[in-house]
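Chemist: A structural model of the following input is requested.
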Amino acid sequence: MNELLKRKNQRLKEFDYSKSGYYFVTICMKNRKEFFSKILNNESILTEFGKIIEEVWTNLPKYYNVEIDQFIIMPDHFHGIIIIDRTLNKQKDKEELSKSLSEIIGKFKSFTTKKIRERLKDKDEFQWQKSFYDRIIRDEKELYYIRKYIQENPLRWDIEKNNPENLEI
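Modeler: Residues are numbered from 1 along each chain as shown. Reported below is the predicted structural model:
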């Protein structure tokens, strides 16, 4: 319980994270275990577990008022841009569609954990790190640089893997 009290809230105070907008997220594997891909020739080659991450991420628009933009699945973390668009008219229950970023990422982490653990003998071998990093993308220039950062992430793998503070832009 004390651990929960010590954790700082990563979200911006007073901001409505269910509001339409572009959001950059980074989600890491617990203990930064290399699990999702291998970097070969500056390219991320997905493992079977990385393919699960990709499938679940790209299918989020089926369940929520979101669009998926640029993303990359790295060996021990994931970067993606997700666009929440409350104006999208889906044929689903409006309440289910209009989730906040935290709720959507929570469902993403929960569903990927379930699917990955189905394929593991040792279920505890896979865990996401608690919480996730997010940034509200404020303008086109910032969107451009974040997309570039995502695209070039495999190029920087050898530098960043030993410096986790570099994961955040």
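Chemist: continuing past the helix ranked longest in the chain, what's the next helix or strand?
Modeler: Across the chain, the longest stretch assigned as helix under DSSP state H is helix 101-117. Downstream of helix 101-117, the next assigned helix or strand under DSSP states H and E is strand 133-137.
Chemist: in that following strand, what's buried?
Modeler: 133-135, 137 (16 or more other CB atoms under 10 Å). Using the backbone N, CA and C atoms, a C-beta is placed for each residue, glycine as well.
Chemist: Which of the residues in the helix or strand harbouring residue 159 are classified as buried?
Modeler: Taking DSSP H and E as the criterion, residue 159 maps to helix 157-160. For helix 157-160, a neighbour-count test (16+ other CB under 10 Å) marks residue 157 as buried.
Chemist: cool, stretch 67-76 as well?
Modeler: Going by 16+ other CB under 10 Å, stretch 67-76 has these buried residues: 69, 71-76.
Chemist: ranges for the strands of this structure?
Modeler: 21-28, 37-40, 43-46, 66-73, 77-84, 133-137 (DSSP state E).
Chemist: Now do residue 72 against residue 29, distance only.
Modeler: 14 Å (CB to CB, to the nearest Å).
Chemist: now swap in residue 128 and tell me
Modeler: Taken as CB to CB, the span from residue 128 to residue 29 is 6 Å.
Chemist: quick revisit: could you export the helix holding residue 159 as PDB, keeping only the C-alpha atoms?
Modeler: Output in PDB follows, covering the C-alpha atoms of helix 157-160 (Å, rounded to 0.1, in the frame of the first residue of the first chain):
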ATOM      1  CA  TRP A 157      18.600   1.100 -29.700                       C
ATOM      2  CA  ASP A 158      22.200   0.400 -28.800                       C
ATOM      3  CA  ILE A 159      22.500   3.800 -27.200                       C
ATOM      4  CA  GLU A 160      19.200   3.900 -25.400                       C
END
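Chemist: And residue 57, how far from residue 14?
Modeler: 28 Å.
Chemist: who's more crowded, these two?
Modeler: Neighbours were counted for residue 57 and for residue 14 using other CB atoms under 10 Å; residue 57 has more, 18 against 5.
Chemist: pLDDT wise, what is the more buried one at?
Modeler: Listed pLDDT for residue 57 reads 98.
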